[in-house]
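Undergrad: build me a model:
(2 chains)
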Amino acid sequence: MVILTALRSKRRLAAIAVCAVASALASSAALATRSASGSNIYYCGYYIPGYTDCYSYVGDPYGRAVGKFTTNHAYIPYGGYGFVCEHTYIYGDGTISRRCGGNYVSTGSCSGSDLWPYGAYYLDGRAGNNQSLYETVSGHAYSETCV
Amino acid sequence: MRSRFRHGPRLTIAATIVAAVLAAGGTAVATNLMSSDPSLNPVPVTANAQSAGSWIAAFRQPSGGQHMTAGMRANLTNGYANYGPNVDQARHVQASNGDDAYLTPGTESLCVASANEAFCASQSAVRSGHAVAVDLCSPNLPAGQIEVEWLLPDGVSDVSLGMADGSRMNIPTRSNVYIARVPASGPIPTSIEWDADGTHHAAPTGVPADANTPDCVHPGDIPPPSAFPTPPGQ
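TA: The predicted structure is shown next:
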């Protein structure tokens, strides 16, 4: 009985360990979608106050996109309607693109993108809520292969 | 002891399998989360000009999409894929400021591409005057300018921009596409105004209060990439 209980405890511990490892792996996989390590960066996604740039409000790395990319979108996910802005800087320097619009606004794409001339630079992409009400705002910055 | 050795490897194997499956699942879930975002999902390009023809005069004219530049086509097709823009059915129009513009039907939406702007909006947004895009800084926008571009349906008159100081800037009507540039140092345009069906209408421009972007730089103005810091982790 004692052995059986001990065995159950070990199995329980093992099960807990499995869950912990699995949970950690799943979490890291989920976070990977918002990482700033590549040229396909999903960021922000936070419910932020009006007239606020996501990064300025939340202050964490997922509030902006840092890297080399050619397109930056700001949008209200899940079909919401409102006003958003994208704002892209040369990393550590001035603004190269700032556009505002309805629930989806973009720097443009391929040779029509505001960011196209800056392919060699590290950029800092932001998304903001351009209305008085709180809103969930997301950002997506990525590099394109254009012909 | 015997039990420990009997169950240990099994548990280890089970743990490995479960962890691997969950990790893969996590990736799949993450991938699904990305693709389940409706604003990023491309939708089938099923739009045609017929549905827009009843309230946008340009769509009663022959297609002019073949005259769009490659950059304009790519800009709409790639950058706004989630609206399903059908560039082959685009119509050439002259915007209010005389610029060439291309109205493009999308899936329950309408898109426009011009020399400095491309955007899409739902049909309801166009009908209500909420289809608007604002450029505060871009390579083709001269320093110190704000550009507002918007769409309105047929049958409007007395189109203007309402400015923050209460003045109005009258805008000519040449088509459904309106483009205006104003100095960023002056009063900012706060509303789009027009008359239709005997009623005065107004909608916000979405120009932010801090529209004057003093740190706006252009491609020829900045030092080479080596002059800037490399971000941490890059």
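Undergrad: any low-confidence regions in chain B?
TA: B:1-50 (pLDDT under 70).
Undergrad: now residue A:47. Nearest residue, chain neighbours left out?
TA: residue A:136 (4.8 Å; C-beta to C-beta, 6 or more residues apart in numbering or on different chains). Heads up, the C-betas are built off the backbone N, CA and C, glycines and all.
Undergrad: how far away is that neighbour from residue A:43?
TA: 13 Å (C-beta to C-beta, to the nearest Å).
Undergrad: okay, the two: which has more neighbours?
TA: residue A:43 (28 against 17; other C-beta atoms under 10 Å in any protein chain shown).
Undergrad: which residues does that one bridge with?
TA: residue A:139 (DSSP bridges).
Undergrad: I'd say residue B:205 and residue B:187 touch.
TA: No - using C-beta atoms under 8 Å, residue B:205 is not in contact with residue B:187; the gap is 11.9 Å.
Undergrad: that older thread, check which helix or strand the residue nearest to residue A:47 maps to.
TA: strand A:135-142 (DSSP states H and E).
Undergrad: output that strand as CSV, nothing but the C-alphas.
TA: The C-alpha coordinates for strand A:135-142 follow below in CSV (Å, rounded to 0.1, in the frame of the first residue of the first chain):
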residue,chain,number,x,y,z
GLU,A,135,-10.4,49.8,-28.4
THR,A,136,-8.4,46.7,-29.1
VAL,A,137,-5.7,47.5,-31.7
SER,A,138,-3.4,45.1,-33.4
GLY,A,139,-0.3,45.5,-35.5
HIS,A,140,1.3,43.4,-38.1
ALA,A,141,4.7,44.1,-39.7
TYR,A,142,6.3,41.9,-42.2
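Undergrad: quick one: the helices in the chain, in order.
TA: Assuming you mean chain A. For chain A, the helices defined by DSSP state H occupy A:2-32, A:54-58.
Undergrad: um, chain B though
TA: Counting by DSSP H, chain B has helices at residues B:2-35, B:50-53, B:70-79, B:123-127.
Undergrad: keeping just the C-alphas, turn the shortest one into PDB.
TA: Taking only C-alpha atoms (Å, rounded to 0.1, in the frame of the first residue of the first chain), the coordinates of helix B:50-53 have been written out as PDB:
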ATOM      1  CA  GLN B  50     -22.200  45.500 -60.900                       C
ATOM      2  CA  SER B  51     -23.200  45.900 -57.200                       C
ATOM      3  CA  ALA B  52     -21.300  49.100 -57.000                       C
ATOM      4  CA  GLY B  53     -22.600  50.500 -60.300                       C
END
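Undergrad: ok, residues contacting that helix?
TA: Residues from elsewhere that reach helix B:50-53, judged by C-beta atoms under 8 Å, 6 or more residues apart in numbering or on different chains: B:59-60, B:103, B:105, B:110, B:123.
Undergrad: redo that, cut-off 6 Å
TA: The contact list for helix B:50-53, computed with C-beta atoms under 6 Å, 6 or more residues apart in numbering or on different chains, reads B:59-60, B:105.
Undergrad: which among those count as buried?
TA: B:59, B:105 (16 or more other C-beta atoms under 10 Å in any protein chain shown).
Undergrad: quick one: the strands in chain B?
TA: B:91-94, B:100-106, B:109-114, B:118-122, B:132-137, B:145-151, B:157-163, B:168-170, B:177-183, B:189-196, B:199-204 (DSSP state E).
Undergrad: show me what contacts the residue most central in space within chain A?
TA: Centroid check for chain A by C-alpha atoms, centre = their mean gives residue A:43 as the closest residue, at 1.0 Å. The contact partners of residue A:43, by C-beta under 6 Å, 6+ apart, come to A:34, A:62, A:64-65, A:139.
Undergrad: quick one: average pLDDT of the strand holding residue A:136?
TA: Taken as a whole, strand A:135-142 has a mean pLDDT of 96.
Undergrad: stretch A:107-115 now?
TA: Stretch A:107-115 comes out at a mean pLDDT of 90.
Undergrad: restricting to C-alpha, output that stretch in CSV.
TA: Output of stretch A:107-115 as CSV, limited to C-alpha atoms (Å, rounded to 0.1, in the frame of the first residue of the first chain):
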residue,chain,number,x,y,z
THR,A,107,1.9,51.7,-45.1
GLY,A,108,1.1,50.1,-48.4
SER,A,109,2.6,47.1,-50.0
CYS,A,110,5.6,46.2,-52.2
SER,A,111,6.9,49.2,-54.2
GLY,A,112,3.8,51.1,-53.2
SER,A,113,4.8,50.9,-49.5
ASP,A,114,6.1,53.9,-47.6
LEU,A,115,8.7,51.5,-46.1
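Undergrad: neighbours around the nearest residue to residue B:106 once chain neighbours are set aside, how many?
TA: Leaving aside its chain neighbours, residue B:106 sits nearest to residue B:83 (4.0 Å; criterion: C-beta to C-beta, 6+ apart). By other C-beta under 10 Å, the residues close to residue B:83 number 26.
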